[in-house]
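[1] just the structure for this:
(chains A, B, C and D)
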2 protein chains.
Amino acid sequence: MANIHDVARVAGVSISTVSYALSGKRTVSEDARRRIVDAVQELGYLPNAAGRMLAGARTRILALSAPLRVDTYAPAHMAFVLAVATAARRYDYDILLLTEDEATNGLRRVTSSRLVDGVILLDVSMDDERLALVRDLAVPSVVVGVPGEASGLTCVDLDFAAAARLSIDQLVAAGHRSIALLGHPQAAYERGSNFPHRFRNAFVEYASERGLQSTFAMPGSSDADVRRAVDEVLDPKAGVSAVVMHCEESIQSRALTYIADSGRSIPGDLSIISACSSFDTSSFHPALDVIPLVAADSCDRAVALVMDALDGAPEPHVELVAPRYISRGSIAEPTHPAISALN
Amino acid sequence: MANIHDVARVAGVSISTVSYALSGKRTVSEDARRRIVDAVQELGYLPNAAGRMLAGARTRILALSAPLRVDTYAPAHMAFVLAVATAARRYDYDILLLTEDEATNGLRRVTSSRLVDGVILLDVSMDDERLALVRDLAVPSVVVGVPGEASGLTCVDLDFAAAARLSIDQLVAAGHRSIALLGHPQAAYERGSNFPHRFRNAFVEYASERGLQSTFAMPGSSDADVRRAVDEVLDPKAGVSAVVMHCEESIQSRALTYIADSGRSIPGDLSIISACSSFDTSSFHPALDVIPLVAADSCDRAVALVMDALDGAPEPHVELVAPRYISRGSIAEPTHPAISALN
DNA sequence: AGAGTTTGTCGAAGCGTTTCGCTAAACGTT
DNA sequence: AACGTTTAGCGAAACGCTTCGACAAACTCT
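    Numbers count the residues shown, from 1 in each chain, chains lettered A, B, ... in the order given. Predicted coordinates:
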């Protein structure tokens, strides 16, 4: 394997000139530069990673802490891992994947041994064991998601509260006065991440602020559970004319099937919005209006923030990504104005 | 951050003694060893990764090439990534995750720059662009899965053909004479990996070898498609009394629901085996007999083979993991001996 | 007691880069 | 012509570790 000395010899210059020619950190005559580039080409030279790490201060590697919990929803998780890797490559960075149960140890190891320049944390729960460590880590770190206590951390996430308000605004604009939220299973609210809370709380609050009737249900994940939750939410007495679904794909899919089976048409009889969904809602029948949860949005920012922190140390802060609304025709004016809406 | 010089100073020895004490490659007096260990503890010393890489020949990093295709089944994919990472950690190795579209470039980059000691390839298709590169790579590489042409490669995979035969043996032992295979969607056979072929071909061949009647269907993934395929396979004229399912979770789940809805009991009216499934079939209703596809089995071996190759260069070869059968009561004797079975 | 062996330790070279400081040549100014 | 300035290039140090060879000191033999 060719090294920088070989390149220097072939090009007839010193190794420092090679280094400067390749990094561009000092000017090199056009003539020398060409000979160096040719030599690199000819020898198939690629700088030795360890040498660079040791001499330069950078390793060009980012640690990605992505522990797998029992209740991890694989497709979404994978989308985020992929998005981080893709974003990192744009800065010529590679990703070291940490999945160990004891994520803390892995983080300590790779940061203390200076294997990585920075750290990105995925899938943080409300009180994550990794956070204490990350708060006083020597290297920059960014959390994708917002934990219960975010002080001293840099976090990036979709603005779930704004997404809740956006979904309500859309329904209000269409004339709905009584709406429902079909949320995650109860377990998701009790432990795990806090985005279910952020969405639900903003939903309930903003609905009342805008003078709407709102109901909320947490379905289990079995088919029967989902049906029960849909029935609960669509109880005729409440006169609900629109449902916002903030839950996993399988639940949304089951709910849609049940709603179709029970003879209600969308958006004729019922308007539906799929909120903060990381999966493709355009292949549902019918396709659903959606406020997408785009992994790349958060992950691009997270990687960018680590890069910023590598030169200059910005203050820890929370950065929320604005939600956007994609219309696919699953909401319409309510046809049967509900009784409650007349109050 | 403390380095080896600091440790040497605190312990009152030279840096080479520290190195030998920590690596154990030369004997060090018990007295010195204790002082060194204490110093390491006190300073929180962890060897600098770049220094080790440069001096030693090892980087202690493995590249994991896990490109995401459109049709990748996320849960299984994630299980394999996790299994490789976990296996690598047992050898004190970390995983560099390569997901780029052009996986070849990533592999070339990390191997030529000596960032990684070895490579593991996941999810190889029949004619994978990565294989050509991997065949003459400077570092050891192991493929999880078996591509169309495996010469010059080291591959590890579940023995799908043996799994097909094992499922047939189980059914024959229970008295079945006419069986069906519910396979993957047609697209999976036309492109992508070749394990669907290996399973199907062995199934058909071995069924005829044992004198059985066998049918085969490739359902689409929609609910209607699955029902159609189940109907096709359970056509009364064929008298099928047992079904082996070698397909994704969603298809198996849909098939089970449909079979239950159409009033057939398992295993009373129909015996079922779930073959080479990476998901949990014990939470199905009813729980299914399964020949599990255990990610850890293949990945442990794959990592072990890379480690072996790092000292001494073993011949490229294909290593198949023997399938095992887990009984959960979803097969029984056929109650209504089929007409075709009397032929 | 002297020769040979083992044990514990150390200094120094080397891994492949980056980067600092220096120099010499070429250039522009007065 | 004498002076600064820029440009292009080089040598050497530094990064933090591993490992080779050397060498005393402590043992083991006869």
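[2] which positions in chain A make contact with DNA strand C?
    Contact residues (C-beta under 7 Å from any atom of the strand) of chain A with DNA strand C: A:1, A:3-5, A:15-16, A:19-20, A:22-23, A:25, A:45, A:47-48, A:50-52, A:54-57. For glycine as for every other residue, the C-beta is placed from the backbone atoms N, C-alpha and C.
[3] could you pick out which of those residues are near DNA strand D?
    A:I15, A:S16, A:Y20, A:L54, A:A55.
[4] is A:F216 in a helix, a strand, or coil?
    Three-state call for A:F216 (DSSP: H, G, I helix; E, B strand; the rest coil): strand.
[5] repeat for the one 3 residues further on
    Three-state secondary structure (criterion: three-state DSSP) places A:P219 in coil.
[6] so which strand or helix has A:V142?
    Here A:V142 is covered by strand A:141-144, with elements defined by DSSP states H and E.
[7] so what strands line up beside the helix or strand just after that strand?
    As assigned by DSSP H and E, the chain's next helix or strand after strand A:141-144 is strand A:155-158. Partners of strand A:155-158 in the sheet, by DSSP bridges, are strand A:141-144 (parallel), strand A:318-321 (parallel).
[8] just say which of those strands is most tucked in.
    Across these, averaging neighbours per residue (mean count of other C-beta atoms under 10 Å in any protein chain shown) puts strand A:141-144 on top, at a mean of 27.
[9] who's in contact with that one?
    A:80, A:84, A:118-124, A:131, A:134, A:150, A:153-157, A:298-299, A:302-303, A:305-306, A:309 (C-beta atoms under 8 Å, 6 or more residues apart in numbering or on different chains).
[10] show me those that map onto strands.
    A:G118, A:V119, A:I120, A:L121, A:C155, A:V156, A:D157 (DSSP state E).
[11] was I right about A:V18 contacting A:V7?
    Yes. With contact defined as C-beta atoms under 8 Å, A:V18 and A:V7 form a contacting pair (5.1 Å).
[12] how about the strands in chain A?
    Under DSSP E, chain A gives strands at A:61-65, A:94-98, A:118-121, A:141-144, A:155-158, A:178-182, A:213-217, A:242-245, A:271-277, A:289-292, A:318-321.
[13] for DNA strand D, which of these is the nearest?
    Set against DNA strand D and scored by C-beta to the nearest atom of the strand, the strands of chain A come closest in strand A:61-65, at 15.9 Å.
[14] on that earlier part again, quick one, which of the strands paired with strand A:155-158 is nearest to A:L270?
    strand A:318-321 (29.1 Å; C-beta to C-beta).
[15] quick one: low-confidence parts of chain A?
    A:336-343 (pLDDT under 70).
[16] helices of that one, start to end?
    Here chain A has its helices, by DSSP state H, at A:4-11, A:15-23, A:30-43, A:49-55, A:74-90, A:103-112, A:129-135, A:160-173, A:186-190, A:195-209, A:223-233, A:249-261, A:295-310, A:339-342.
[17] for B:D225, find the nearest of these.
    So among the helices of chain A, helix A:249-261 is nearest, using C-beta to C-beta, at 15.2 Å.
[18] am I right that A:R33 is in contact with A:A21?
    Yes. Between A:R33 and A:A21 there is a contact under C-beta under 8 Å: 5.1 Å.
[19] and for these two, which residues touch both?
    By C-beta under 8 Å, 6+ apart, no residue touches both A:R33 and A:A21.
[20] looking at these two, which has the bigger crowd around it?
    A:A21 (25 against 19; other C-beta atoms under 10 Å in any protein chain shown).
[21] thinking again about what came up before, between A:V18 and A:V7, which contacts overlap?
    A:I36.
[22] which parts of stretch A:204-220 are buried?
    A:V204, A:Y206, A:A207, A:L212, A:Q213, A:S214, A:T215, A:F216, A:A217, A:M218, A:P219 (16 or more other C-beta atoms under 10 Å in any protein chain shown).
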